[in-house]
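> Below are the sequence and a predicted model for it; my questions follow.
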Amino acid sequence: MSEPNLEVDAFLDQVDQVSDLIKGLSNPGDSEDIIKKADDWLKHEKPKGKDRMVINKSTQSNAEVIPSDSQASFLSSLEKDAAERAARREKREKRAEELKILGNTAFKEGKYKEAVELYMEAIGEDKGNALLHTNCAQAHLKLGNFEKALERCDFAIRIDEACVKAHLRRGIALRSMGDYDEAMKSFVQARTLAPEDQRKTFDRHIDETNIANGLAKKEKELEQAMKSGKDEESFKGIDRRLSQLILPAALTPEEYTKSASKLRTLIKHPLHQELFRVRKGTRLLTDGVCKRYFEKLKLEEKPVDTQEFKTLELCVTETLNLLVVAIRGNDTSRRDVFTNGAQDVAFFTQFLEKSSASVIEASLCVLREASQCSHVCKLAAVGSSAKLAQALLHVASKSSYKDSIRSEALLVLAQLCLQEAFRRSLVPKITTILPQLSAILPTNGSLAASSMAVLTNLAKDTDILSKMSTESYITPFVGFMHHWARDIFRKSGKECQGRSLLLHQLLRLLLNICANTNSGACAVLQQPINVDYFAALLEVTAENVHTLTATLLARICTTRGVAESLVSNEGMAQLQDMAANMRDNEDLLDAVVKIAVKVITLYPTGRSVIAQDKALQLWVSLLKCNRPTVLGNSALCLSECAKDPQVCVELVGSNVVSDLLELCKRDKSKITENCAIALARLASGHPEHTARLRQLGGFEVLHSRAPSQR
């Protein structure tokens, strides 16, 4: 019997130890201990015996030569061993894939515990597969096993530091455990690693983590405030009254209404609102008396005229009024009212469709307050947005309701339409919505203003804006403007101011339409009768209507017909007078000088108006303006006017040459080219201008700034 080889035995012992450690890693309960043992083993275990490199060197000269047939046999056995191990690895990976598919199926069916078991079995077959660990983590998250989910994510990150899912689910686990700072780090890391087009998901998680962190701080602040004993009576009163409302079995509807009314007076600052939220007050509508009312409402086609129903209705109205106070200015509480998303949106939609005026009015107040939170608007955009919009428009269109209720419905819709997701969700129904809004515009001031607010916010979406640009909408819009302007000239005071605000909103809408759509909308606005309407609006200075009108005229003055109309209806002369008297209004000056250039170019006969003595003084004075577009167009206007020798005569003695030359000395641009052309025409039109230009040494400047020849 040969002597035992101690070195080989020691090596085999080490192999056994390492094997035991690896097997232990597949047991999630013992994994942390196993990792610690492995780290300790690596630190303390050292090779026994002599240094192999020294042994090899000392025996190299005496080494026996292995026969070639033995070498071939050795290499063959190595290849065979490698092939066998590869086959075993392939078999394990295949088995792991089969288990993963079974785990995915179980997960989709909601069998999360079974999914965990299958994923763990797969991990036992293929420990280096990061995806198996992240899948298992997701199943643990569904089961609420946040620590185990975190453990699996950490394993996945050890395998692949760039695993986006591992960092994401690690953040979710940490957030669920209340470790918001570490959760934020994981979400930021996941976002950094994720492709650009997927980063919105991580932005949402980052926002939710910030919200959760804020909630935790508020709850801690509330806890400290209640322990301090300050305002103890109010806290106890809110707690007691809210407990009665949440469990109203012992309360009659009359007692419920009285208690809700009293509670409303107790909520006076954010900490009171926080206590109301923490005690589930924001969910009052889904419980107790309100729930019974809602169930009855769903069974009826219209409000029931019975005493019991009216009493329940009063309870609901008082609850809604209470909610308005409880969520006012508080995004956390606003979100809580709509914590069930589409289901809660449908709840309020039902109120608007079937309830009486009092419940509708109270519902609108809650919606108006809640819709100031962008998170609520996003929730409203999911699933039920079109129904909610139609319900709001139904209320707004119903003449039997008070104007205040109808206007409030439109203001809620306008607020919701500020959110891009909500606007996008309405695009499929926009051909139904736009006519309803347009029909409200001819009504009284507050309703028309609210309808304009909705249209303005809807127009932020390019697809909706395109729908508005058709003649069927543009023509009525201009008609409403004419109607409102006529009211302004007849009336005064607040009513006149209200009409001016409407004109301001509608002009902005038309400018938006002209800037972002095809020429179809402009063609309608360019009709002579509409140009005459706009010329009349120049007299309305309230709410900056005159400036917006001038800007719109500059936008649509692209045809000879418009230019001719502005000359014949004296709109051009009026614009020049306005510019001369309002030198501090650069938006107006910009619009007027643009129109002047277009008129003199498109309709040469209009030069007689543009080149009047007062007008020439205006164009020269505008060479001192700070806005580049005003400078360039004023120089261009003077250049066109200087084609007439008489104009050159009239400008003798003015500062026009020195002012134009000063602008020419600037860095070469379109402005300096326009100034150079104007100087050249003035110099060729009258010898006094030539002499003045030579005196100022301007000919060299003029040559350097002349437009390049092509």
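Everything's here; your move.

> measure stretch 547-564 end to end?
21 Å (C-alpha to C-alpha, to the nearest Å).

> contacting residues around that stretch?
504, 507-508, 510-511, 514-515, 522, 525-526, 528, 531, 534-535, 537-538, 540, 566, 571, 575, 578, 585, 587-588, 590-592, 594-595, 598-599, 602-603, 605-606 (C-beta atoms under 8 Å, 6 or more residues apart in numbering). The way it works is simple: take the backbone N, C-alpha and C, and place the C-beta from them, glycine included.

> and what of stretch 651-667?
Residues outside stretch 651-667 that contact it (C-beta under 8 Å, 6+ apart): 616-617, 620, 623-624, 631, 635, 638, 642, 671-672, 675-676, 678-679, 682, 686, 688-689, 692-693, 696, 698, 701-702, 705.

> Can I get that stretch as PDB, trimmed to CA atoms?
In PDB, the C-alpha atoms belonging to stretch 651-667 read as follows (Å, rounded to 0.1, in the frame of the first residue of the first chain):
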ATOM      1  CA  LEU A 651     -35.500 113.700 -44.700                       C
ATOM      2  CA  VAL A 652     -32.900 116.400 -45.300                       C
ATOM      3  CA  GLY A 653     -32.000 118.000 -42.000                       C
ATOM      4  CA  SER A 654     -32.900 114.900 -39.900                       C
ATOM      5  CA  ASN A 655     -30.400 112.600 -38.100                       C
ATOM      6  CA  VAL A 656     -31.300 109.700 -40.400                       C
ATOM      7  CA  VAL A 657     -27.800 109.500 -42.100                       C
ATOM      8  CA  SER A 658     -25.800 109.600 -38.800                       C
ATOM      9  CA  ASP A 659     -28.200 107.200 -37.100                       C
ATOM     10  CA  LEU A 660     -28.000 104.700 -40.000                       C
ATOM     11  CA  LEU A 661     -24.300 105.000 -40.200                       C
ATOM     12  CA  GLU A 662     -23.900 104.300 -36.500                       C
ATOM     13  CA  LEU A 663     -25.800 101.100 -36.900                       C
ATOM     14  CA  CYS A 664     -23.700 100.200 -40.000                       C
ATOM     15  CA  LYS A 665     -20.600 100.200 -37.900                       C
ATOM     16  CA  ARG A 666     -21.800  97.200 -35.900                       C
ATOM     17  CA  ASP A 667     -20.800  93.600 -36.700                       C
END
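
> Now do it, average pLDDT.
Stretch 651-667 comes out with an average pLDDT of 87.

> from the chain's centre, how far out does the strand or helix carrying W619 sit?
Taking DSSP states H and E as the criterion, W619 maps to helix 613-621. Relative to the centre of its chain, helix 613-621 is centred 47 Å away, using C-alpha atoms, centre = their mean, to the nearest Å.

> ditto for stretch 543-552
Offset of stretch 543-552 from its chain centre (C-alpha atoms, centre = their mean): 29 Å.

> same question for it, mean pLDDT?
pLDDT averaged over stretch 543-552 gives 91.

> List the buried residues for it?
E543, N544, V545, H546, T547, L548, T549, A550, T551, L552 (16 or more other C-beta atoms under 10 Å).

> which residues does I671 contact?
The contact partners of I671, taken as C-beta under 8 Å, 6+ apart, are P628, L631, G632, A635, L663.

> out of those residues, which are inside helices?
Of the contacts of I671, the ones assigned to helices by DSSP state H are P628, L631, G632, A635, L663.

> Out of those residues, which comes closest to K91?
Of all the ones in helices among the contacts of I671, K91 sits closest to P628, with 75.3 Å by C-beta to C-beta.

> Please identify the helix or strand for the closest residue to that closest one other than its chain neighbours.
Excluding its sequence neighbours, the residue lying closest to P628 (C-beta to C-beta, 6 or more residues apart in numbering) is I671, at 6.2 Å. Element membership for I671 (DSSP H and E) is helix 670-685.

> elements contacting the helix or strand just after that helix?
Using DSSP H and E, the helix or strand that follows helix 670-685 in sequence is helix 687-695. If you count contacts as 3 or more C-beta pairs under 8 Å, 6 or more residues apart in numbering; DSSP states H and E, helix 687-695 packs onto helix 656-664, helix 670-685.

> I'd like the ones you listed laid out as JSON lines, including distance to S176.
Listed next are the helices and strands packed on helix 687-695 as JSON lines, based on distance: least, C-beta to C-beta, whole Å:
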{"stretch": "helix 656-664", "distance to S176": "66"}
{"stretch": "helix 670-685", "distance to S176": "61"}
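
> quick one, which of those helices is nearest to R95?
Nearest of those (C-beta to C-beta): helix 670-685, 73.5 Å.
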